[in-house]
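*Asks:* Sequence plus the predicted model coming up.
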Amino acid sequence: MMRVRTAILLLLLHLAVLCLLESTSSMPDGQQAAAARHRRRQVLLREKATLLALKRALTLPPAALLDWNESNGHVCGFTGVTCHWRREHVVGLALPNNMRISGAIPPVVGELSRLRSLDLSNNSISGAIPSALGNLSRLRNLNLSVNSISGAIPPSITNLTRLQNLIVYKNVLSGDIPPSIGNLTRLYELDMWSNNLTGRIPAELSNLRGLGVLQLDNNQLGGAIPPSLAMLAGMFYLSLKHNDLSGPIPAAIFVNCTVLGVIDLGNNNLSGEIPSAASGTLAYSFAVLNLYFNRLTGKLPRWLANCTDLMVLDVENNRLDDELPTSIISGKKYLMYLHLSNNNFWSHDNNSNLEPFFAAMFNCSWLQEVEAGAVGMGGQLPGRLGSMLPRNMWHLNLELNAIRGPIPASIGDIINMTVINLSSNQLNGTILF
């Protein structure tokens, strides 16, 4: 009996749906179009009311957002508002670049349920990120950078499962990075640098398989770099500098992240050796290696010699022990900054021959700075040093070494040289410019 009753109820429900569809489809085209316009108008009126409430909640300069008013009939004409080209509801709100907006972001912003992009960057906004932002389930881009936003990152942020770019750098956010950010699996860019974030880097970030940019530098993050970050195969920019990270650099990052272009881990407490193996594809993508001010030991990895587009190599203030990196810098046209100071890099031929090192710089036509102070290099400066160094070089530091003999007169031929430091060596003579 129960089955018969259930079958009858399902049949009646099916017939009701069919009747509803028939009545809708039988509506004249003009009436359907009018109904659609009415619905859009109601949506826009609600969105207009929300935007005006947002304006009232923020503190604005007198001349800001003057067109945000009741008499302005169409919300799509408001400054900073973008509407869907066909459905005409609000999908974008951009009020960036020093509009001098201050005050806290009000919860009412969470009522713009169709919003895809929200940009309030470069203002003076303070207070916390409202939990109501988690209601913007269609949001793809969120940029709150360069403000004074404080407090913790709200857990509701992880409701934004369509988010592609989460940009909150240069604020005063505090607390841990929520591990649940690993649920934002469409994320491509995660920028949280220059805040007061603490705790560890969540291993759950490895779930962000489409992530290309990860910037967490200038915070107070500690612990080890999660080896699971090596699962971010498409990551090309990794910056974790100026934190309190310790332990080794995960070797798999250089092997699995095959399009890596920039890795910046400077000013931490990292130890161990720089990984000696890397993907062959880094020869075509890798450009910047910043490892300065750590406690790294061993040698420079030889795979760097294959990176034809290398622009920055900064390993100063570590405990490296190696020969001067002649083969690594040779032929690197785009190399701009070579910083080796405060390690142990000896010259060729038992620390007596500096000529190969400087000769390797000849084709480094973009080279501007060489920092090689206090590395223990010995030998004499080549007499033709001035013709070996690129014409764009303006900074050469060789202080606190064991270089001896005369100062080459050819140094004066480098027309752009403005800083040269040869102090605390065993040199004689003068520099003539």
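*Replies:* Yep, that arrived. Numbers count the residues shown, from 1 in each chain.
*Asks:* And stretch 84-96, how far out from the chain middle?
*Replies:* 26 Å (Cα atoms, centre = their mean, to the nearest Å).
*Asks:* Report the buried residues of it.
*Replies:* For stretch 84-96, burial by neighbour count (16 or more other Cβ atoms under 10 Å) applies to E88, H89, V90, V91, G92, L93, A94, L95, P96. For glycine as for every other residue, the C-beta is placed from the backbone atoms N, C-alpha and C.
*Asks:* which ones among these are found in strands?
*Replies:* V90, V91, G92, L93, A94 (DSSP state E).
*Asks:* from what I can see the first one touches V81, true?
*Replies:* Yes - using Cβ atoms under 8 Å, V90 is in contact with V81, at 5.8 Å.
*Asks:* Common neighbours of those two, please.
*Replies:* Shared contacts of V90 and V81 (Cβ atoms under 8 Å, 6 or more residues apart in numbering): L51, V75.
*Asks:* Not counting residues beside it along the chain, what's closest to A203?
*Replies:* Of all residues not flanking A203 in the chain, P226 sits nearest, at 4.3 Å (Cβ to Cβ, 6 or more residues apart in numbering).
*Asks:* and that neighbour, how many neighbours does it have?
*Replies:* By other Cβ atoms under 10 Å, the residues close to P226 number 16.
*Asks:* OK, contacts around it?
*Replies:* R200, I201, P202, A203, L205, S206, P250.
*Asks:* ok so, going back, just give me the least confident of the buried residues of stretch 84-96.
*Replies:* Confidence by pLDDT is poorest for E88 among those, given 73.
*Asks:* which of the contacts of P226 count as buried?
*Replies:* I201, P202, L205, S206, P250.
*Asks:* which parts of stretch 232-239 are buried?
*Replies:* L232, M235, F236, Y237, L238, S239.
*Asks:* mind listing which of those are in strands?
*Replies:* Y237, L238, S239.
*Asks:* mind listing the strands for the stretch 101-250 of the chain?
*Replies:* Here the stretch 101-250 of the chain has its strands, by DSSP state E, counting those that start in this stretch, at 102-104, 117-119, 124-126, 141-143, 150-151, 165-167, 172-176, 189-191, 196-198, 213-215, 222-224, 237-239, 244-247.
*Asks:* want to throw these into CSV with distance to T308?
*Replies:* Shown next, in CSV, are the strands of the stretch 101-250 of the chain (distance: least, Cβ to Cβ, whole Å):
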stretch, distance to T308
strand 102-104, 48
strand 117-119, 37
strand 124-126, 44
strand 141-143, 34
strand 150-151, 45
strand 165-167, 30
strand 172-176, 39
strand 189-191, 26
strand 196-198, 36
strand 213-215, 23
strand 222-224, 32
strand 237-239, 19
strand 244-247, 29
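*Asks:* of all the ones you listed, which lies closest to N269?
*Replies:* Nearest of the strands of the stretch 101-250 of the chain to N269, taken as Cβ to Cβ: strand 244-247 at 4.4 Å.
*Asks:* From E204, how far off is A233?
*Replies:* Here the distance between A233 and E204 works out to 17 Å (Cβ to Cβ, to the nearest Å).
*Asks:* returning to what we had before: which of the buried ones among the contacts of P226 sits closest to V315?
*Replies:* Looking across the buried ones among the contacts of P226 and measuring by Cβ to Cβ, the closest to V315 is P250, at 17.6 Å.
*Asks:* wait, the closest one sits on L229?
*Replies:* Yes - under the criterion of Cβ under 8 Å, P250 makes contact with L229 at 6.7 Å.
*Asks:* Poorly predicted segments of the stretch 251-400 of the chain, please.
*Replies:* Scanning the stretch 251-400 of the chain for pLDDT under 70 picks out no residues.
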